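> give me coordinates for this.
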Amino acid sequence: MAAAANNKDGVWETVKTVVYALLIAGVFRTLFFQPFWIPSGSMKDTLLIGDFLFVNKMAYGYSRYSCPFSMCPFSGRIFGSEPERGDVIVFRHPVNGTDFIKRVIGLPGDTVQVRNGVLYINGEAAPQEPQEPFVETYAQQGPIGHTPRCSNAPVGEGGSCEKERALETLPNGVVHSILNIENGSFADNTPVFTVPDGMYFVMGDNRDNSQDSRFPQSIGGVGFVPYENIIGRADRIMFSAAGERMVYFWTWRSDRFFRAIE
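Below is the predicted model:
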């Protein structure tokens, strides 16, 4: 009888431990961090398809999209600071409600324009320093099976897909990598955008493969992003896999584990 009682006590303790662990994990996710899996190549080569990261929900405070409660009794944000130029953020699309990840380029009151592929902020060009091309294998990537676009197209299956790469320096000194696939594309020359109060202008680092603030919401673009739509800041890649499933360990990219996002 004593042995049976001990076994029951042991099972009950195990169950309680599992329940507590799940509760702690749920609270941790709800209050502080939200997992995000990179589904597309719009942020290459900063972020690759299959990168897994946690979004810091406390970086800018809570909004109705990052609120720790299922029903938020407020609009706007609380306890929040504002994003800085160069931050990589996850936000809720203002129209279709999808979660997007892009880089903050324009702050409220800024003017933003792209001319001949060069970014201008408040009339000043953001310097670009050419680097070695970004090279990846031309093959289906991730669960969706996207194939990359290449500046050296056409490229056969398994071939080397190249994109021009440069380091871009933003006015506040943030330096990050950008990619170029072709010159003279639709978004290489834009009108001058003036960022409204409470809004942000965002762009993908893979400049020719990103539906961002350069594109109006009427054609599927992001347009300006309201401050309250921002879920949080992406600070670090925790895990990365190049295959269709994360359990395919032979596709793991261990060199990207715990890498800071610049």
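> contacts only, for Pro148.
In this structure, Pro148 makes contact with 41, 44, 136, 138, 141, 161, judged by Cβ atoms under 8 Å, 6 or more residues apart in numbering. In this view, the C-beta of every residue, glycine as well, is placed from N, C-alpha and C.
> now tabulate the residues you listed in CSV and tack on neighbour count, pLDDT and distance to Arg256.
As requested, the contacts of Pro148 are arranged in CSV below (neighbours: other Cβ atoms under 10 Å; pLDDT from 0 to 100; distance: Cβ to Cβ, whole Å):
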residue, neighbour count, pLDDT, distance to Arg256
Gly41, 24, 91, 15
Lys44, 24, 95, 12
Glu136, 18, 92, 13
Tyr138, 20, 92, 20
Gln141, 21, 87, 14
Cys161, 21, 95, 18
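> mind picking the two most distant members of those?
Farthest apart among the contacts of Pro148 by Cβ to Cβ are Lys44 and Tyr138. That separation is 13.6 Å.
> residue nearest the centroid of this protein?
Ile101 (3.0 Å; Cα atoms, centre = their mean).
> quick one, what contacts it?
With contacts defined as Cβ under 8 Å, 6+ apart, Ile101 is in contact with 36, 38, 42-43, 47, 88-91, 234.
> mind checking which helix or strand it is in?
strand 99-106 (DSSP states H and E).
> can you tell me what sits against the next helix or strand after that strand?
Downstream of strand 99-106, the first helix or strand assigned by DSSP H and E is strand 111-115. Strand 111-115 is contacted by residues 105-106, 119-123, 187-195, 201, 213-214 when judged by Cβ under 8 Å, 6+ apart.
> of those, just the buried ones, ChimeraX syntax please.
Selecting only the buried entries of these in ChimeraX, with 16 or more other Cβ atoms under 10 Å as the criterion:
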select :105,106,119,121,187,188,190,193,195,201,213,214
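> among the contacts of strand 111-115, name the ones in strands.
Those of these mapping onto strands are 105-106, 119-121, 193-194, 201, per DSSP state E.
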